[in-house]
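[1] what's the 3D shape of this:
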Amino acid sequence: MTQLSAAVTLGCVTLVDATGHEHPISVTFCTSFQQLNEMLQVLFKRDSIEAQLQRRYMEQGQYDLCIDDDRQVTRLTSQGWPIIEAGTTIVMRVVFEQKAYYGVDYKCHFCGAANRSGAKYSLQRQVDCSINCRVCKRRFQISCRSISAKPNTQNPFPGNEAEMHLIRNFHIQQTVCCHETSLVVLD
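    Residues are numbered from 1 along each chain as shown. Predicted coordinates:
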């Protein structure tokens, strides 16, 4: 029996946490965003370094949940919670903010490698999916928003190198900064 068919038979979803560990969770704990978050809090009450690290990001709201099927990422939020079926894989990701000036740049937050998904994909396709870093193999997505104000580029827990090495799934929220200019007419 495969892992997926076992999860369906037992009525479970698979939660892949931000460190890449898989946890079977009863589908009955996935009927709402709040309920799944309460389950995550129980899951990360352990004293392991991985649990402590993820608990810190959760406490600061610097994480998200999604369904990532390799073709599209569906973010799970408290608004419009979908029906989660047994066999679904839910991915927890640490969220980092990053300032950008020229649109989406698939640069890995950890190893710095530039990742291209190929010319056959449009920019919109790149923004709607996750990719595996070609160097460190971490899985990540980058989303983009435009603002004219200066974004917060500090992450609450930059962590030490050993802790950061544990994170395998993350989401970069790039803020494309628009420079406002004003024209002055001189006589």
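[2] Please enumerate the helices of this structure.
    3-9, 33-43, 49-59, 123-128, 161-166 (DSSP state H).
[3] Against which helices or strands is the strand of greatest length in the chain packed?
    If you go by DSSP state E, the chain has its longest strand at strand 89-100. When contacts are defined as 3 or more Cβ pairs under 8 Å, 6 or more residues apart in numbering; DSSP states H and E, strand 89-100 packs onto strand 12-16, helix 49-59, strand 63-68, strand 139-147, strand 169-177. Heads up, the C-betas are built off the backbone N, CA and C, glycines and all.
[4] Quick one: closest of those to residue 36.
    Minimum separation from residue 36 across the helices and strands packed on strand 89-100 (Cβ to Cβ) falls at strand 63-68, 6.9 Å.
[5] how big is the angle separating that closest one from helix 49-59?
    With axes from the mean of the first three to the mean of the last three Cα atoms, to 10 degrees defining the directions, strand 63-68 sits at 100 degrees from helix 49-59.
[6] Which positions within strand 63-68 qualify as buried?
    Neighbour-count burial for strand 63-68, counted by 16 or more other Cβ atoms under 10 Å, picks out 63-68.
[7] Need the worst-confidence member of those.
    In terms of pLDDT, the lowest of these is residue 68, showing 89.
[8] lowest average confidence, helix or strand, in this structure?
    helix 123-128 (a mean of 50; mean pLDDT, DSSP states H and E).
[9] Now do the longest strand of the chain and strand 63-68, the angle between them.
    Here strand 89-100 runs at an angle of 120 degrees relative to strand 63-68 (the same axes, to 10 degrees).
[10] strands paired with strand 89-100, and their directions?
    Paired strands of strand 89-100, with direction, are strand 12-16 (parallel), strand 63-68 (antiparallel), strand 169-177 (parallel) (DSSP bridges).
[11] Including distance to residue 55, could those go into JSON lines?
    Listed next are these as JSON lines, based on distance: least, Cβ to Cβ, whole Å:
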{"stretch": "strand 12-16", "distance to residue 55": "15"}
{"stretch": "strand 63-68", "distance to residue 55": "10"}
{"stretch": "strand 169-177", "distance to residue 55": "16"}
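[12] returning to that earlier point: in terms of mean pLDDT, which of the helices of the chain ranks lowest?
    When I compare the helices of the chain, helix 123-128 is least confident, with a mean of 50.
[13] re the thing from before, looking at the buried residues of strand 63-68, which is nearest residue 23?
    Set against residue 23, the nearest of the buried residues of strand 63-68 by Cβ to Cβ is residue 65 (12.8 Å).
[14] Need the nearest residue in space to that closest one, chain neighbours excluded.
    residue 76 (4.3 Å; Cβ to Cβ, 6 or more residues apart in numbering).
[15] Show the model's pLDDT score for the one you found.
    95.
[16] Could you list the low-confidence segments of this structure?
    Applying pLDDT under 70 to the chain picks out residues 1-9, 100-105, 116-128, 145-159, 176-187.
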